[in-house]
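[1] Give me the fold of what follows.
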Amino acid sequence: MASEEMGNAQEETASSPDSVQQALQPVIESINQKLEDATAKLSQDLSSQIDEKVAGLTQPAEDVSALFNDDGKSRSAQHQARRGEDTLSSRPFSIVRLCQAMHPKSPVKHLDAKLEMAIHRQLAEYYAQNGFAQADSSSFLVPFGSQMLPDDIENVSAAGNDRIPKSQFGDIMGMQISKQRLNAISQRAGQGRVGGYQRQALSVFDDTGLGIYTDSDLSGELIELVRAQEVFSRIGAREVTLNPNGTLVFGSQTGAATGYWVGEGGTITTSEPTTGRVAMRAKKCAAMNVIPNELFRFATRDTEAFLRMDLAKVLGLLMDSACLYGVGGTAEPLGITKRTGAAGSVQTKTAGTTATNGDTLEPEDLSGMLAAIEDLNHDIDGRGWAWLMRGKMWHNILNRRSTPYSGGATDGSFLFAVNREDIRSGAPASLYGHPVYKSGQVSNTQVKGSGTDLTDILGGIPDDILIGRVGVLEFTLGVEGTVNSTNLFETDQAALRCIEHADMNMRHENSWCWMTDVDLDLPTGVI
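    Numbering: from 1, shown residues only. Predicted structure coming up:
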C-alpha cells in the first residue's frame, strides 16, 4: 500500500506545477521514511533469528534432559543428544564414528561423536551400578537392541543432560542400507576367514575385504541383523535379556502331583509336585577385526553397514554353533547334542538302517522322532515343531523315491511326506506338516567306522530353547602392538574388538530329539 501511494504521488508530481510538487514533497519524504524504517526492522528481526539458530547449533543446551516441549510433545532424542555437533542433520548411531572418536589420532573429537558418547556414558553408568564390569577401562558400550535394555535405563543420574529414554533407542540405533546392498555386503562379510573368529585384515582397495557401496534405504538394529544370521532365532527360540550382572534364573516344575481314586472313608494319599530351576550365566564370546586407518579417515555409511553385517554374521553363527554343539562349562553354553543320556534329557533316535560306516534314514524314522516327543506329553501340534538339518540332507529327503519292482527304474513314488506341490509355488519347506530349516552349522563331519562325512538331523519345540544376552556389546579399539602377526603401528592399522555376553539353556530338554551318524547320500531308491 505504501508503495502504491508513493507511485501515485510521483505520477501526480510529474504532471503538476512546481507549487503542487512542493506541496506533495513532505508526503513523499514521509512515505520513504516509513519504508526505510520497516525494512530496517525486518532486517534486524531476521538477523536476530539467524544468530539465535546458529548459537543453538554451536553451543550445548542448558538442559538437554528436557526431552519435552511445553505442550508435552516429545522432542527428538538425536537432536537433544547431538547439540554441539558440526553436522546439522539428524543421524543414527554409528560404530564407525565411535571408532573415530576412540582413535587417538583421529581428527573426529568426542564432541563430533556426541550421540555415541552420550549413549556409552548412560549405558556404562547403569550397567556398572548393576554389576557389569567392563573388560577394559577404555572400551565403549553399544546397545545390542533397544528391546533388550532394562526399562529403567533412562533413570541413571550420572548421565545428566545426555540421558535418553529407552523408547527412543530403537530409532537412534537404526541403520540405513538398501536390501540389494545388504545382501552384497552380507556375502562379502562371510569371505576371507583365517580361522575361528579371528578376521582377516580389511582393505579399502579389496572388494572381498570391504568393497565400495552406494544406495541406502533400510533401517535395522544390531540385534535384528544378528537374528537374520541365526537359524535358532529364525525357528522361534525364545530370546531373554540377562541381568546386567550376567545371570537369570527361572523356576521350573520337574514333576506333577499324583491323583488317586479313594473309596468311602479311605485315606487320601498325599503327593507334591517337584520343582527345579533353569539358570543362565553369561559366557563371553568375542570377535576382532584388523582395520586399516583409511577406513576411519574416509569412512562412508556403507563402511558402517559392512562392519555391522560382518559382526552380525560372526555373532549369529557363533550362537548357532553353541546351541548345537557347545561343550558347556564356564567358556561356552551347553548345546543340544551334549544334553543326552540322562533322565529328562534330549531324546536320541537311530536311523532305521544301520551300517558300520554310516546309517541310512528311512521314512518311518522321522515319524518316530515325533512320536518319541509326543510320548513324553509334549504338545507338538499346539506348541509347534521345527526340523533342523543341512540343505543337502533336505534335498535328498525331498527327492528320494521307491522302485516299483526289483531291478526297475528308480521312478517310483516319493517316500517322505513333503509338501512338494506347495514348494513348487514358492512355499516354505515342510516335512510331516512341520517347517524345515536348513543350516550349514549342522555337522557333516560326524564319524562312524570309516565314514567321516556323516550328518545330524534335529527336531524339537523351538520355544523351549532360551537364548539370553546382556543388552550391550563392548567395543575396544587398539592401535599399538601386534595382532595375528600384524604390527598395528607399522602398518597404520587398528584392531577393533567386540565382546558379547550370552548363554543358552532349555526349558524342557526332552522336547528335542537328535539323530546322528546319518549318511548324507541317501540311496536313490529301495527295492
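[2] What count of nearby residues applies to M280?
    Residues lying near M280 (other C-beta atoms under 10 Å) number 22. Using the backbone N, CA and C atoms, a C-beta is placed for each residue, glycine as well.
[3] Just checking: what are the partner strands of the host helix or strand of it?
    Using DSSP states H and E, M280 sits within strand 274-281. Taking DSSP bridges as the criterion, strand 274-281 forms sheet pairs with strand 247-255 (antiparallel).
[4] So which bits of stretch 346-356 are buried?
    346-347, 349, 351 (16 or more other C-beta atoms under 10 Å).
[5] my bad, stretch 276-283
    Per 16+ other C-beta under 10 Å, stretch 276-283 contains these buried residues: 280-283.
[6] Could I get the average pLDDT for stretch 299-310?
    Stretch 299-310 shows a mean pLDDT of 79.
[7] Restricting to C-alpha, output the strand holding M280 in PDB.
    The C-alpha coordinates for strand 274-281 follow below in PDB (Å, rounded to 0.1, in the frame of the first residue of the first chain):
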ATOM      1  CA  THR A 274       8.700 -81.200  42.400                       C
ATOM      2  CA  THR A 275      10.400 -78.100  41.300                       C
ATOM      3  CA  GLY A 276      13.800 -77.100  40.000                       C
ATOM      4  CA  ARG A 277      15.400 -74.100  38.300                       C
ATOM      5  CA  VAL A 278      16.800 -73.200  34.900                       C
ATOM      6  CA  ALA A 279      19.800 -70.900  35.400                       C
ATOM      7  CA  MET A 280      21.600 -68.800  32.800                       C
ATOM      8  CA  ARG A 281      25.000 -67.300  33.400                       C
END
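[8] Need the contact partners of it.
    Identification of contacts with strand 274-281 by C-beta atoms under 8 Å, 6 or more residues apart in numbering yields 240, 242, 246-255, 466, 468, 503-507.
[9] Select only the buried ones of these in ChimeraX?
    To isolate the buried members of these in ChimeraX, using 16+ other C-beta under 10 Å:
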select :242,246,248,466,468,503,504,505,506
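[10] Give me the below-cutoff pLDDT ranges for the stretch 51-200 of the chain.
    51-90, 105-111, 157-162, 175-200 (pLDDT under 70).
[11] how is this protein carved up into domains?
    For the chain, automatic domain parsing gives the domain ranges 1-40, 94-252+276-330+467-504, 336-464+508-518.
[12] what's the most buried one of those domains?
    Comparing the domains of the chain by mean neighbour count (mean count of other C-beta atoms under 10 Å), domain 94-252+276-330+467-504 comes out on top with a mean of 18.
[13] mind listing the strands for the stretch 101-250 of the chain?
    Under the criterion DSSP state E, counting those that start in this stretch, the stretch 101-250 of the chain contains strands at 140-143, 193-195, 198-199, 238-241, 247-255.
[14] what's the closest of the ones you listed to G481?
    With C-beta to C-beta as the criterion, G481 lies closest to strand 198-199 of those, at 14.7 Å.
[15] Just the local confidence number for the nearest residue to A386 once chain neighbours are set aside, please.
    Distances taken as C-beta to C-beta, 6 or more residues apart in numbering place I235 nearest to A386, at 4.3 Å, with adjacent residues excluded. Note on I235: pLDDT of 94.
[16] show me what contacts I235?
    Counting by C-beta under 8 Å, 6+ apart, I235 has contacts 386, 388, 435, 437, 462.
[17] hmm, 7 Å instead?
    386, 388, 437, 462 (C-beta atoms under 7 Å, 6 or more residues apart in numbering).
[18] Please compute how far the strand or helix carrying the second one lies from its chain's middle.
    In this structure, L388 sits in strand 386-389 according to DSSP H and E. The gap between where strand 386-389 is centred and where its chain is centred comes out at 22 Å by C-alpha atoms, centre = their mean, to the nearest Å.
[19] helices and strands around that strand, which ones?
    Contact here means 3 or more C-beta pairs under 7 Å, 6 or more residues apart in numbering; DSSP states H and E; on that basis strand 386-389 packs against helix 231-235, strand 434-438, strand 451-460.
[20] Now intersect the buried residues of stretch 346-356 with the helices, please.
    Judged by DSSP state H, helices contain none of those.
[21] what distance separates the start and the end of stretch 318-334?
    End-to-end distance for stretch 318-334, by C-alpha to C-alpha, to the nearest Å: 13 Å.
[22] How about stretch 256-267?
    Using C-alpha to C-alpha, the span of stretch 256-267 from its first residue to its last is 20 Å.
[23] any idea of the mean pLDDT for it?
    Mean predicted lDDT for stretch 256-267 stands at 84.
[24] contact partners of it?
    Taking C-beta under 7 Å, 6+ apart as the rule, stretch 256-267 contacts 268-269, 271-273.
[25] Which of the helices and strands packed on strand 386-389 sits closest to V479?
    helix 231-235 (34.3 Å).
[26] Could you export the closest one as PDB, CA atoms only?
    The C-alpha trace of helix 231-235 is given here as PDB (Å, rounded to 0.1, in the frame of the first residue of the first chain):
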ATOM      1  CA  VAL A 231      18.900 -70.200  12.500                       C
ATOM      2  CA  PHE A 232      17.700 -70.700  16.100                       C
ATOM      3  CA  SER A 233      16.300 -67.200  16.300                       C
ATOM      4  CA  ARG A 234      14.500 -67.800  13.000                       C
ATOM      5  CA  ILE A 235      12.900 -71.000  14.100                       C
END
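[27] On the strand side of things, show who V483 bridges to.
    T486.
[28] My guess is it contacts N289. True?
    No: here V483 does not reach N289: they are 9.6 Å apart, not a contact under C-beta atoms under 7 Å.
[29] now the helices and strands packed on strand 386-389 as JSON lines including distance to D365?
    Converted to JSON lines, these look like this (distance: least, C-beta to C-beta, whole Å):
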{"stretch": "helix 231-235", "distance to D365": "20"}
{"stretch": "strand 434-438", "distance to D365": "15"}
{"stretch": "strand 451-460", "distance to D365": "8"}
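[30] Go through the ones you listed and name the closest to R308.
    Across these, closest to R308 is helix 231-235 (C-beta to C-beta), at 16.3 Å.
[31] From the chain's centroid, how far away is that closest one?
    On C-alpha atoms, centre = their mean, the centre of helix 231-235 falls 13 Å from that of its chain.
[32] follow-up on the earlier one: any idea which helix or strand comes after the strand holding M280?
    That would be, after strand 274-281 and using DSSP H and E, strand 283-292.
[33] After the longest strand seen in the chain, which helix or strand is next?
    When the chain is parsed with DSSP state E, its longest strand is strand 493-506. Note on strand 493-506: by DSSP H and E, the next helix or strand toward the C-terminus is strand 512-518.
[34] Low-confidence regions, the stretch 251-400 of the chain specifically.
    Checking the stretch 251-400 of the chain against pLDDT under 70 turns up 253.
[35] Helices of that one, start to end?
    In the stretch 251-400 of the chain, the segments counted as helices under DSSP state H, counting those that start in this stretch are 294-297, 301-325, 363-374, 380-383, 391-399.
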